[in-house]
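Peer 1: this one's structure only:
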């Protein structure tokens, strides 16, 4: 099968459109089962009692926030290497979803912190790293919107994404270092309860569900980006897209 | 089923406020993203139609 | 005519930038004044109690130095960009990353080195003494060039973009966080009796890494900005 024909955005458009329902269905199913197990079936935790259940959204959201940044950087790298427009569009489409998961991770982290540590915000390694990750997402998105020229915007935010992805493990290490520097024993919300297998199952299901959701949403957004960009007549005939042709 | 009653389920052992706030915020976030994306798509299609028409 | 060697090209860039900076000596003064003002704001905000000031000294002085570096980033490339000299630099036969190192080094001499030289005085104002002062100076000596190198990436990315002052801050501050942690951490652990060596080594490593990698990123960003 000739995959390279899909590197043209207007060819990729219908392919993406066909994939979205499948990923959406997988997402809904995985999240439903995960929530059922996590909220209804899994037993309580000895130390944290029922507040531990927040991990069923907090941890998957945190994982997705980091995973999506890496994927975004990979697409940016491919775009710069192959000079492929569609790759940059994928990177553009990923950023808002990644930022949203980062935000969810932060908020749920606060909700978990209050019953566990007594305060809404704790300067522990993971929450602080998530906060800085949010700034990095904001930077990539703001840089893109600040530059008028599309090509420059693509490549500049691509460079920033690549630099930022190198920064993520560095931040992780340095913030953990900073924690041990100031507190002896590290305050860590990653000291999660010893996970019974059933808790782990629910968490993995939720992670998978978030992942499928992300793919569906990113594909949907990249289709919007394609429509918005490819409406320049020089780049392609947008009436090859069925919804647009319907109007005639 | 772990819970004895619906009341217990909503209470979450006293932590109901935190647990449910977390899940509701997550649900709101995902829903908002989907809705915003749907609106963006509608606008993009309308714009494309407008441009196609103006070319003809 | 012989092509100048890499080393000569580097020296040429540094000399040119330093000479230009000498004509605008206000730039040196600006970094210094900013540092002093910001550092003075904290006692005004927090109160003059010596014990409190000693506790926050490392963090405050490092954040003030970091902000001074951040503000000076607008001057790394902008003048040459507006003159068209930057375009020439991209086109000539010398590797752009080397020229970038030269420019950033000259920029550090003008904007960063004064911070290092002034820091003992500010440290004294905050009640630091002896070993802590030495560690402060050393941490800034290692840290400010790193901040300049990393900051140059941001400066290159936002060349000519409107609102670039605030934008560059947002882009660069997440990259500055590790250097801040190691730098302030060196002084703090020295004051706590644990010695600053571990953090200073990490600072040194950061400097070396930034010298190797940020010129490439900066050069890429410059090419993107100039197309």
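Peer 2: Received, thanks. Given the structure is predicted, the values throughout are model-derived calculations rather than measurements.

Peer 1: In contact with residue A:161, which residues?
Peer 2: Neighbouring residues of residue A:161 by C-beta atoms under 8 Å, 6 or more residues apart in numbering or on different chains: A:69, A:72-73, A:76, A:91, A:140. Bear in mind the C-beta positions are built from the backbone N, C-alpha and C, glycine included.

Peer 1: now, which of those lie within helices?
Peer 2: A:69, A:72-73, A:76, A:91, A:140 (DSSP state H).

Peer 1: between these, which is nearest chain C?
Peer 2: Ranked by distance to chain C (C-beta to the nearest C-beta), the ones in helices among the contacts of residue A:161 are led by residue A:140 at 8.6 Å.

Peer 1: Give me the residue at the spatial middle of chain B.
Peer 2: residue B:31 (1.0 Å; C-alpha atoms, centre = their mean).

Peer 1: next one: chain C
Peer 2: Geometric middle of chain C (C-alpha atoms, centre = their mean) lands on residue C:148, at 3.3 Å.

Peer 1: Model confidence score at that residue, please.
Peer 2: Listed pLDDT for residue C:148 reads 97.

Peer 1: cool, and residue C:104?
Peer 2: pLDDT, residue C:104: 96.

Peer 1: that older thread, how about the residue nearest to the centre of chain B, secondary structure?
Peer 2: When classified by DSSP: H, G, I helix; E, B strand; the rest coil, residue B:31 comes out as helix.

Peer 1: Doesn't residue A:148 belong to a strand?
Peer 2: No. Applying three-state DSSP, one finds residue A:148 to be coil, outside a strand.

Peer 1: Count the neighbours of it for me.
Peer 2: Residues near residue A:148, counting by other C-beta atoms under 10 Å in any protein chain shown, number 9.

Peer 1: For chain C, see how far away it is.
Peer 2: 9 Å (C-beta to the nearest C-beta, to the nearest Å).

Peer 1: who's in contact with that residue?
Peer 2: With C-beta under 8 Å, 6+ apart as the criterion, no residue contacts residue A:148.

Peer 1: Can you give me the distance of it to chain B?
Peer 2: Using C-beta to the nearest C-beta, residue A:148 is found at 18 Å from chain B.

Peer 1: Now that residue: phi and psi?
Peer 2: Main-chain dihedrals, residue A:148, degrees, to the nearest 10: phi -80, psi -40.

Peer 1: so how far is residue A:156 from it?
Peer 2: 11 Å (C-beta to C-beta, to the nearest Å).

Peer 1: Just name whatever secondary elements the biggest helix by length in chain C is in contact with.
Peer 2: As assigned by DSSP H, the longest helix anywhere in chain C is helix C:197-226. When contacts are defined as 3 or more C-beta pairs under 8 Å, 6 or more residues apart in numbering or on different chains; DSSP states H and E, helix C:197-226 packs onto helix A:150-183, helix C:74-83, helix C:85-91, helix C:96-111, helix C:130-157, helix C:164-191.

Peer 1: which one of these is the most hemmed in?
Peer 2: Burial of the helices and strands packed on helix C:197-226 is given as mean neighbour count (mean count of other C-beta atoms under 10 Å in any protein chain shown); helix C:130-157 ranks first at a mean of 25.

Peer 1: Output the contacting helices and strands for that one.
Peer 2: helix A:150-183, helix C:50-72, helix C:74-83, helix C:96-111, helix C:113-125, helix C:164-191, helix C:197-226.

Peer 1: Need those in a markdown table (columns: distance to residue A:114).
Peer 2: Output for the helices and strands packed on helix C:130-157, formatted as a markdown table (distance: least, C-beta to C-beta, whole Å):
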| stretch | distance to residue A:114 |
| --- | --- |
| helix A:150-183 | 19 |
| helix C:50-72 | 26 |
| helix C:74-83 | 41 |
| helix C:96-111 | 43 |
| helix C:113-125 | 38 |
| helix C:164-191 | 25 |
| helix C:197-226 | 32 |
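
Peer 1: Could you quantify the relative orientation of the longest helix of chain C and helix C:96-111 as an angle?
Peer 2: Interaxial angle, helix C:197-226 versus helix C:96-111 (axes from the mean of the first three to the mean of the last three C-alpha atoms, to 10 degrees): 120 degrees.

Peer 1: For chain A, give me the ranges with low pLDDT.
Peer 2: Within chain A, the ranges that satisfy pLDDT under 70 run A:1-3, A:183-194, A:231-241, A:244-248.

Peer 1: any idea which residue sits dead centre in it?
Peer 2: With distances taken as C-alpha atoms, centre = their mean, the residue of chain A nearest its centroid is residue A:98 (2.9 Å).

Peer 1: Report the contact partners of that residue.
Peer 2: Applying C-beta under 8 Å, 6+ apart, the residues near residue A:98 are A:64-65, A:68-69, A:72, A:137.
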